[in-house]
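> take this sequence and fold it.
(chains A, B and C)
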Amino acid sequence: MIDPSPTLPRKPEVRFGQQLSRGGHWRRSALFSGPAVIWLALLLLVPLLIVTGISFLTRGEYGGIEWHFTFDSYKRLAGFGDLGFDALYPVILLRSLALGGATAALSLLAAAPLAFYIARVSDTMKNVALTLVVIPFWTNLLIRTYAWQIILSPESWVTQAVHGLGIGVAGEPLYPGTLAVLIGMVCDFLPFMVLPLYASVEKIDWSLAEAAADLGANRVQVFRHALLPQIIPGLVAGVILVFLPATGQFVIPDLLGGAKTAMLGNVIQQQFASSRDWPFGSAISFVALVLVMAGLWIYLRRGA
Amino acid sequence: MKSKTFPIIHAVMAALAVLVSTPARAEEPQTLNLFIWSEYIDPGIVTNFEHEFNCKVNIDLYEDTESMLAKVQGGGAGMYDVVVPSDNLVPVMVKQKLLAPLRHENIPNLKNLDAKFISPDYDKGNKYSVAYQWGTMGILVRKAEGKPLPDSWGVLFDPQQQIGSFMLIDSVRDQVGAALKYKGYSINTTDIKQLKEARDLIIEAKQRSVGFDGSVGVKNKVLAKTAQMGIVYSGEAARAITDDKETAYVIPKEGSVIWVDNLVVLAKAPHRDLAEKFINYILDPKVGAQLSSYTQFATPNKAAKQFVSPDDLNNTSIYPPAETMAKLEFLQDLGAKLRLYDEVWTQVKAK
Amino acid sequence: MKRNSLALTLSATALYLFLYAPIAVVIVYSFNAARFGATWTGFTTKWYSTLLHNSLALHAAENTLWLGVFSTVISTVLGTLLGFGMSRYEFPGKEVFGKLLYVPVFVPDIVLAVSLLLFYSIIRSWLGLLELGLTTMILAHVTFQIPFVAIVVRARLVGLDPSLEEAARDLGANEWQAFRHVILPLILPGVMAGGMLAFTLSLDDFVVSFFTSGPGSTTLPILIYSSVKRGITPDINALSTLIILASVLATIVVAILQRIKTSTRNHIK
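All right, here's what the predicted structure looks like:
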């Protein structure tokens, strides 16, 4: 980053655009922002509107769509399907939220020591420590996920060791299962929690903690009142960065859950990749979209 | 000054130019786009076909027939040249206008088919489809010392009869069919009560299982000892037994699914002529024999049988004896009622 | 600055081990002779030679690279222009648009994937355009890449000294020239970082690619997914090891390049 040079006279600071007429702004926006705005309008906004629209249409007898307005997909989503009432989909929604929440919580638990550790090593080590967090993020998610299949398979020594400790049934795999899914999720999302948290931890003003301690606060009180408020922005950013994508994750539950425990993402995938029920798949997608919008609203309101 | 802005513009133009020209690259006149199950064609046959007809074959793979149809429905009838639907999906694809009629004058080898596979119920007059391979569904089991082989679907669906870890098959009609058969119902039932029973059976079994996979995936996981047994198709079982003598194939006594996979040409196939040449090539007696030797499924090609090894022809995993055949049932297209199965399947996966 | 306690150092080490366990396992197992399962049956390098003759894998690698390069070039150009345009010029609805820009960052891949699948399908049935293939995949990837590039570039622009823009204008440069010759060189590290991020996202993407791919446009993640589903992994382990090595090398090269840049700049100062 370039520092403002002290030798230049500080003349009135005028950024581009500050003296332009409204038309001038629009013309220049058309040049610079225009192409990307059009691109996103066509390939993001329109498709999402199409999903919303199709969720109110009827499924054709053999898949595809018929132009006939209906709330059927939403009724089915609410539990009133062809086989009678079953609160299945609300349960899946809750379960996906729970999985996202558990992933975010565990990631936070794991990320906190790492963030504090990195913030306290020497500056040279800091680069190394941060790069070490980032490298797994640059390597393919699928590769890291199926690696857990190997690690948790019945013959691996990790599994043997776990069974040796008397946990679980010998010969039965740790994977597929909810535990395997959670492990895979945390391993995948940890960098997204560590980085924002570290950014906040690094900026901590430790003198506040010392002052609090001097005033007789115990360790819990110091953390609660002097440190926690300072890392809240990073914490919120991290939680949302992990929670939202984790809720809609479909690859990890699919590969590590043995396609047994369905999440929101798996149900959507199933509608488009085998059941050919586009309206129903669209309805679930729409629910996921609303969820994201709500999360995004919180995220942007906190100004993170 | 201005000239220096050109490199950026050039870069963008070049990128766009390539973008526009990529479809052209994929549409060279002599390319056959084939969408087929995994491990379902001998790579040697593909190479020979490429040599003989001076073309290139592009192969994409799928693991179950429903996902093939979903992909084709999403990508349109011009997406591939040849795909391989199972018997019950041929009428679905016809009604969806996804298939091109076969021009029989281009497929003289049609005469090689066994009479049983000519003009089947699901495609009268072989208007759209030609049988590729046929087979059954059953259980691939790792033999346990001193224990008899299981002979019932109960080994999966009844906790009392379970003797080891198992995998279910990730294919709606097949898996629901297995549960229906266990209960003594038809695999083509549209009775909601029966379907609910089947659903509950599978949901219960799912909790005790190692998970769902396609037939090839189940086979590989049994070979890898991730599971003791699992639902597979006959060819996967026969190949597994060749790889590992400690495994066996069982068709449960309650009955099971018999199926025929078919070669079809998509309605807007970019290379319809080549597609028909390919179908004719597969129907060649020697090619047909090579195919079945590789897949270890049964051949519908009567002329090919003389080139198939006697070992394979006498293998009851591949060609079941008459008393087993009597217990097998074909899946049928159920029209609008199919969504009952979809709902069952979604619930099974989601519970 | 406080020192790290032993407990903190130990838990940090454990977490690093946790992050690297899968990567290490894949590398180790790429030398395992067993064809099925996780039992170690001996050391071999045969899976690497198998891989060299696996035309599907080579073709998928080629597709992945083209997809990554083209989508990254387009999204970096559009995203940089957008990042600059949004930080300097007003247009109606900019506020809302700026918020919507975050949607692709947070929205589950699967929702984006199926919405594009439906969009392509409708366009195809109306106009006969957009057969699924590399083109539709590039369009899809650019869509989720643009916001990342724009956000990274905009962050870089915020820290820029306004007097430089002022000077360029005083010297008679029009906006485009000033952008091209003054701003762009200054924000180049941000643009590079955005581009790298975009490229990584493209290489990593499975879900969007899976739904928007067509005949012969299989990418490495799609290949890996279907192989894993089928339970055949030995040469996929070898393939993954090569991918891991490439990504680690790339990360290190980028880190070193940034080092050199900072140190030269500090030197000049």
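
> look up how far residue C:166 lies from the residue nearest to residue C:231 when sequence neighbours are not counted.
Computed as C-beta to C-beta, 6 or more residues apart in numbering or on different chains, the closest residue to residue C:231 that is not its neighbour in sequence is residue B:220, at 3.4 Å. From N, CA and C alone the C-beta is placed, and that goes for glycine too. Computed as C-beta to C-beta, to the nearest Å, the residue B:220 to residue C:166 distance reads 66 Å.

> go on, residue C:97?
From residue C:97 to residue C:166 the distance is 27 Å (C-beta to C-beta).

> which residues does residue B:31 contact?
B:55-58, B:271, B:274, C:216 (C-beta atoms under 8 Å, 6 or more residues apart in numbering or on different chains).

> just for chain C, where's the confidence low?
Scanning chain C with the threshold set as pLDDT under 70 gives C:1-3, C:258-269.

> check chain A too.
Looking at chain A by pLDDT under 70, you get A:1-19, A:166-173, A:259, A:302-304.

> so which strand or helix has the residue of it found nearest chain B?
Taking C-beta to the nearest C-beta, chain B has its nearest neighbour within chain A at residue A:258, 2.3 Å off. Secondary structure from DSSP states H and E places residue A:258 outside every helix and strand.

> between residue B:220 and residue C:166, who's got more neighbours?
Applying other C-beta atoms under 10 Å in any protein chain shown to residue B:220 and residue C:166 shows that residue B:220 carries more neighbours, namely 26 against 19.

> report the separation between that one and residue B:284.
Distance of residue B:220 to residue B:284, computed by C-beta to C-beta: 30 Å.

> swap in residue C:96?
In terms of C-beta to C-beta, residue C:96 sits 63 Å off from residue B:284.

> please say which of those two ends up with more neighbours.
Comparing residue C:96 with residue B:284 by other C-beta under 10 Å, the one with more neighbours is residue B:284, at 17 against 9.

> count of neighbours near the closest residue to that one other than its chain neighbours?
In space, and not counting its chain neighbours, residue B:284 is closest to residue B:109: 5.8 Å by C-beta to C-beta, 6+ apart. Neighbour count for residue B:109, taken as other C-beta under 10 Å: 18.

> help me confirm that residue B:109 is found in a helix?
Yes - counting by DSSP: H, G, I helix; E, B strand; the rest coil, residue B:109 is found in a helix.

> contacting residues for it?
So residue B:109 contacts B:280-281, B:283-284 (C-beta under 8 Å, 6+ apart).

> let's go with 6 Å and repeat that
B:280, B:283-284 (C-beta atoms under 6 Å, 6 or more residues apart in numbering or on different chains).

> do the same with residue C:147
Shown in contact with residue C:147 (C-beta under 6 Å, 6+ apart): C:101, C:104-105.

> can I assume residue B:80 sits in a helix?
No - going by three-state DSSP, the assignment for residue B:80 is coil, not a helix.

> if I look at it, how far off is chain C?
Distance, residue B:80 to chain C, using C-beta to the nearest C-beta, to the nearest Å: 6 Å.

> so what's the backbone phi/psi at whichever residue of the stretch 151-300 of chain B sits closest to chain A?
Scanning the stretch 151-300 of chain B for the residue nearest chain A gives residue B:211, at 2.3 Å (criterion: C-beta to the nearest C-beta). Dihedral angles of residue B:211 (phi, psi; degrees, to the nearest 10) stand at phi 130, psi -180.

> doesn't residue A:261 make contact with it?
No - using C-beta atoms under 6 Å as the test, residue B:211 is too far from residue A:261 to be in contact (9.6 Å).

> what residues does the stretch 101-250 of chain B have near chain A?
Within the stretch 101-250 of chain B, the positions lying close to chain A (C-beta under 6 Å from any C-beta of the partner chain) are B:206, B:210-212.

> right, and the pair among those with maximum separation?
Greatest spacing in those, by C-beta to C-beta: B:206 and B:210 (10.0 Å).

> who has more neighbours out of the two?
Using other C-beta under 10 Å, the more surrounded residue of residue B:206 and residue B:210 is residue B:210, with 26 against 20.

> can you show me the helices along the stretch 151-300 of chain A?
Applying DSSP state H, counting those that start in this stretch to the stretch 151-300 of chain A gives helices spanning A:157-164, A:178-202, A:206-214, A:219-221, A:228-248, A:251-256, A:264-270, A:278-301.

> just chain B next, same as before
Residue ranges of the helices in chain B, as given by DSSP state H, are B:6-26, B:43-53, B:65-75, B:90-95, B:154-157, B:172-182, B:192-208, B:215-223, B:234-243, B:272-282, B:285-295, B:310-313, B:322-325, B:338-350.

> distance between the last one and the chain's centre?
Right, the one you point to is helix B:338-350. 20 Å (C-alpha atoms, centre = their mean, to the nearest Å).

> got a list of contacts for it?
A:81-83, A:88, A:92, A:262, A:267, A:275, B:172, B:176, B:195, B:199, B:202-203.

> give me the buried entries from those residues.
A:81, A:83, A:88, A:92, A:262, A:267, A:275, B:172, B:176, B:195, B:199, B:202-203 (16 or more other C-beta atoms under 10 Å in any protein chain shown).

> walk me through the domains of chain A.
Using automatic domain parsing, the domains assigned to chain A come out as A:45-86+A:265-294, A:91-262.

> so, in contact with chain B or not, the first one?
In other words, domain A:45-86+A:265-294. Yes - under the criterion of C-beta under 6 Å from any C-beta, chain B is reached by domain A:45-86+A:265-294 at A:61-63, A:81-83, A:267, A:273-276.

> picking that back up, what's the pLDDT at the residue nearest to residue C:231?
Note on residue B:220: pLDDT of 91.

> report the central residue of chain C.
Residue closest to the average C-alpha location in chain C (C-alpha atoms, centre = their mean): residue C:200, at 1.9 Å.

> so how many other residues sit close to the closest residue to that residue other than its chain neighbours?
Among residues not flanking residue C:200 along the chain, residue A:138 sits closest, at 5.6 Å (C-beta to C-beta, 6+ apart). Applying other C-beta under 10 Å, we find 21 residues neighbouring residue A:138.

> what residues are up against residue A:138?
Neighbours of residue A:138 in contact, by C-beta under 6 Å, 6+ apart: C:200, C:247, C:251.

> can you list the residues you listed in a markdown table and add secondary structure?
Below are these laid out as a markdown table (three-state DSSP):
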| residue | secondary structure |
| --- | --- |
| C:200 | helix |
| C:247 | helix |
| C:251 | helix |
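
> out of these, who's nearest residue B:83?
Nearest to residue B:83, judged by C-beta to C-beta, of those is residue C:200 at 34.1 Å.

> per-residue pLDDT, the closest residue to residue B:62 other than its chain neighbours?
With sequence-adjacent residues excluded and distances taken as C-beta to C-beta, 6+ apart, residue B:62 is closest to residue B:68, at 4.5 Å. Among the per-residue scores, residue B:68 holds a pLDDT of 93.

> this completes my enquiry, with thanks.
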